[in-house]
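Asks: Structure for the following, please:
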Amino acid sequence: MDTQKKIPNRLFNEKSPYLLQHAYNPVNWYPWSQEAFEKAKQEDKPVFLSIGYSTCHWCHVMERESFEDQEAADMLNRYFVSVKVDREERPDIDHIYMTFCQSLTGHGGWPLTIIMTPEQKPFFAGTYFPKYSRMGIPGLLDILEKVKTAWENNRETLMQSGEQIAENLSRHFKEDREHTALTKDVFHKAFDWLEHSFEPDYGGFSPAPKFPTPHQLSFLLRYWKVTGQEKALAMVEKTLDGMYRGGIFDHIGFGFSRYSTDKRWLVPHFEKMLYDNALLAIVYLEAYQVTQKKAYADVADKIFTYVLRDMVSPDGGFYSAEDADSEGEEGKFYLWTPTEIKDILGEEDGEKLCEYYGITEKGNFEGRNIPNRIRANGEATHGEETIAPLRDRVFAEREKRVHPYKDDKILTSWNGLMIAAMAIGGRVLANESYTQAAEKAVKFVLDKLVRKDGRLFARYREGEAAYPAYAEDYAFLVWGLIELYQTTYQPAYLRQAIRMNQEMLKYFWDEDKGGLFMYGQDSEQLIARPKEAYDGALPSGNSVAAVNFLRLARLTGNRELEQLADQQIKAFGSLIQQTPVGHTYFLTAVMFALYPTKEIVITGERKRTDTKEMIEVIHNTFLPHAVSILNAAGEEQAILTEMIPFIQEQKSIEDKATAYVCENFSCQAPIIDKEEFRKLMTYIH
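Replies: Have a look, this model is predicted:
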């Protein structure tokens with residue numbers, strides 16, 4: 001966009017990449033602010049609220065059609081006060097108005113379009129609208145004209161509607177749900193639904209579009225672990241293989257796109273999100289632990305290669321996303337013709353790579369090709385050693401293309417997920433560089449995103465930390481810190497996890513009914529204060545926090561945290577019971593609570609071979625319902641004992657590394673034989 005002759009609007013001073021994309025629109029945009037709502041009151045105008053994010057394809061389309069258009073801008077500027085919100089910076093605002101949109105229209109998505117009173121009470125909602133009405137979709141200009149007329153001639157009805165809707169929203173979020181204790185039946189119910197929905201040809205749980213939803217796969221791995229149900233594991237493997245073979249995985253530069261538009265996982269919506277890649281890396285690593293199939297480890301390695309190459313700031317924080325579009329065209333950066341490949345590699349090698357990745361003259365996407373391995377036989381990554389050097393040359397050439405836009409803001413929540421993934425990768429793949437990346441990201445968050453009084457912020461960009469962190473920021477960061485402790489056994493990470501967990505309870509815990517509110521008691525109070533338990537594209541803050549409470553309770557012996565988890569599960573129990581498949585990460589917390597768990601304490605010198613070998617056994621085994629502690633000598637032990645009093649009595653036997661395996665705070669005889677320990681780990685459920 002040529003900004004030379006354009007006058008910027010108020011978004012020009014913002015840090016959000018999404019808001020900055022609209023800074024030169026002729027629409028007189030305001031960021032969400034008191035100033036905007038005061039203006040609406042003074043000028044007696046309704047508020048036009050548009051919510052999206054920087055890598056959203058249809059947000060770009062609506063901007064080009066309407067927000068860059070003078071006629072639409074004139075209408076908005078004359079009769080409305082227009083407000084832009086980045087949903088990734090303000091998930092609280094997005095959640096409230098998305099809930100309204102879904103209840104009013106039966107669907108939701110982005111861009112989210114809301115029209116409301118100056119008191120922030122909505123009376124109209126929708127998603128994408130073209131400028132003019134077409135094919136049954138109302139046009140933005142028609143909608144604005146009707147709302148303007150109604151505001152001028154039938155104000156009372158609109159205001160009453162807004163009041164009623166705001167009241168209903170508030171009531172919906174405050175709704176008294178009966179506290180429900182869950183039983184193991186809920187796991188079978190979720191499994192039955194997933195089995196019934198399973199798409200047997202390529203994996204996944206819908207025909208199309210297909211979303212990865214990795215936490216469904218993590219649930220199935222745990223279900224397999226506790227029940228021995230082979231179908232659960234088979235569905236996971238089929239899905240992981242299908243996703244990797246498809247075009248949803250970037251076979252030239254690595255990393256996963258957000259979702260596939262077809263059942264074969266071939267045609268992605270090309271944007272890449274940090275959170276998807278974090279959660280997918282975790283489930284591929286878990287599958288590797290379960291099956292010992294190298295192909296799954298290779299996929300995790302490739303995800304991390306992509307992230308560390310393209311998605312990490314010089315200071316170690318992880319960027320948020322990459323756009324689907326480049327040069328105004330969706331997917332252009334990722335597409336190939338056989339001629340382009342052969343120009344790079346020559347005829348013979350070019351033919352070899354084209355055959356390997358299904359690149360043909362006909363093409364598989366608008367006359368060009370998305371590289372894929374859908375027709376491949378054998379293991380998902382079979383034959384790569386031959387192809388890898390050719391692929392690297394194609395990648396080097398692709399780097400010269402115009403890259404998709406990168407959203408370089410750093411979100412605490414998504415960084416927490418990638419810290420967890422890198423920490424798990426570090427221990428499962430025995431790769432120190434992944435552990436170091438996790439440690440560097442933690443340092444970044446603690447240095448740049450924590451206020452002097454210890455309060456966490458949600459977003460960092462260009463030297464500015466902003467927005468008091470949400471429940472999911474705390475929950476996801478605590479998850480990352482726990483994983484980092486389980487990888488490094490450095491007590492500082494456990495101490496920080498405990499501290500952040502306490503902070504989260506202070507700002508978000510509902511003392512009356514249990515569970516965590518989405519935004520803190522010290523944050524801007526909106527027209528409702530929701531609690532989120534639904535596990536959608538990401539697990540909810542409440543479900544991750546419930547797992548954290550249980551793991552920290554097992555790590556430290558703090559029974560109060562166990563009681564909080566119990567209260568939290570019961571608070572959302574009726575919701576989970578109604579739709580278990582919508583709460584699959586929450587179910588992993590319930591599973592942790594209902595099945596026996598193990599605490600494994602290794603007492604020994606950190607640098608000694610026998611200690612390292614014991615730790616290696618833990619790291620190589622899929623132990624979703626176990627936590628592990630290294631009780632090393634010296635200053636470290638003193639710090640750890642403060643947090644974990646019960647380790648004082650667990651001493652080395654015969655001056656050898658010694659494993660204490662405890663179930664619900666009752667311990668078996670200590671083990672010093674590595675093979676005996678390995679056998680025991682194999683049988684732990």
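Asks: Spatially central residue for this protein, please.
Replies: Note on the chain: the residue nearest the mean C-alpha position is Tyr275, at 3.4 Å, using CA atoms, centre = their mean.
Asks: Any figure for the gap between it and Glu145?
Replies: 39 Å (CB to CB, to the nearest Å). (Glycine included, C-beta is placed from N, CA and C.)
Asks: residues contacting Tyr306?
Replies: Tyr306 makes contacts with 250, 253-255, 272, 277, as judged by CB atoms under 8 Å, 6 or more residues apart in numbering.
Asks: got it, and Leu575?
Replies: By CB under 8 Å, 6+ apart, the residues touching Leu575 are 177, 533-534, 583.
Asks: tally of neighbours for Glu560?
Replies: Neighbour count of Glu560, defined by other CB atoms under 10 Å: 10.
Asks: let me fix that: Pro371
Replies: 23.
Asks: Neighbours of the nearest residue to it once chain neighbours are set aside, how many?
Replies: In space, and not counting its chain neighbours, Pro371 is closest to Tyr357: 3.7 Å by CB to CB, 6 or more residues apart in numbering. As a burial measure, Tyr357 scores 25 neighbours (other CB under 10 Å).
Asks: got it, and the one 5 residues further on?
Replies: Per other CB under 10 Å, the neighbour tally for Lys362 reads 7.
Asks: Could you do Met135 as well?
Replies: Counted with other CB under 10 Å, residues neighbouring Met135 total 5.
Asks: What of the one 4 residues further on?
Replies: Residues within reach of Gly139, counting by other CB under 10 Å, total 17.
Asks: Find the nearest non-adjacent residue to Glu63, please.
Replies: Nearest residue to Glu63, sequence neighbours excluded (CB to CB, 6+ apart): His22, at 6.5 Å.
Asks: Tell me, how many residues neighbour that neighbour?
Replies: His22 has 24 nearby residues by other CB under 10 Å.
Asks: among the contacts of Tyr306, which two are most distant?
Replies: Gly253 and Asn277 (12.3 Å; CB to CB).
Asks: quick one, which of these two is more surrounded?
Replies: Ranked by neighbour count (other CB under 10 Å), Gly253 and Asn277 place Asn277 first, with 28 against 19.
Asks: Tell me the secondary structure at that one.
Replies: The three-state assignment at Asn277 reads helix, by DSSP: H, G, I helix; E, B strand; the rest coil.
Asks: Would you mind measuring from it to His619?
Replies: Distance from Asn277 to His619, by CB to CB: 22 Å.
Asks: got it, and Ile672?
Replies: Ile672 sits 19 Å away from His619 when distances are taken as CB to CB.
Asks: Which residues belonging to stretch 117-124 are considered buried?
Replies: 117-118, 120-124 (16 or more other CB atoms under 10 Å).
Asks: The stretch 551-685 of the chain: strands as residue ranges?
Replies: With DSSP state E, counting those that start in this stretch, the ranges of strands along the stretch 551-685 of the chain come out as 598-603, 626-631, 658-663, 666-667.
Asks: pLDDT on the shortest one, on average?
Replies: With pLDDT averaged residue by residue, strand 666-667 scores 74.
Asks: cool, the first one as well?
Replies: Strand 598-603 carries an average pLDDT of 94.
Asks: Now for this protein, the helix or strand with the poorest mean pLDDT.
Replies: Across the helices and strands of the chain, mean pLDDT, DSSP states H and E gives its lowest value to strand 666-667, namely a mean of 74.
Asks: partners of it in the sheet?
Replies: The pairing partners recorded for strand 666-667 under DSSP bridges are strand 658-663 (antiparallel).
Asks: what's next to the partner strand, contact-wise?
Replies: 596-604, 614, 650-652, 667-668, 670-672, 677, 680, 684.
Asks: one more time with 7 Å, if that's ok
Replies: Defining contact as CB atoms under 7 Å, 6 or more residues apart in numbering, one finds that strand 658-663 is touched by 596, 598-604, 614, 650, 652, 667-668, 670-672, 677, 680.
Asks: got it, and stretch 322-333?
Replies: Here stretch 322-333 makes contact (CB under 7 Å, 6+ apart) with 55, 57, 60, 269-272, 365, 401-406.
Asks: ok, now stretch 232-239?
Replies: Residues outside stretch 232-239 that contact it (CB under 7 Å, 6+ apart) are 191, 194, 198, 203-204, 217, 220-221, 223-224, 287, 290.
Asks: pLDDT averaged over that stretch - what is it?
Replies: 98.
Asks: How about stretch 8-15?
Replies: For stretch 8-15, mean pLDDT is 96.
Asks: got the CA coordinates for that stretch in CSV?
Replies: Provided in CSV are the C-alpha atoms of stretch 8-15 (Å, rounded to 0.1, in the frame of the first residue of the first chain):
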residue,chain,number,x,y,z
PRO,A,8,-2.8,8.1,9.1
ASN,A,9,-5.6,7.6,11.6
ARG,A,10,-5.2,7.0,15.4
LEU,A,11,-4.0,3.4,14.9
PHE,A,12,-0.7,4.8,13.7
ASN,A,13,0.5,5.1,17.3
GLU,A,14,-0.4,1.5,18.2
LYS,A,15,2.1,-1.5,18.5
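Asks: Contacts for it, please.
Replies: For stretch 8-15, the external contacting residues (CB under 7 Å, 6+ apart) are 19-20, 22-25, 27-31, 84, 461-462, 464, 466.
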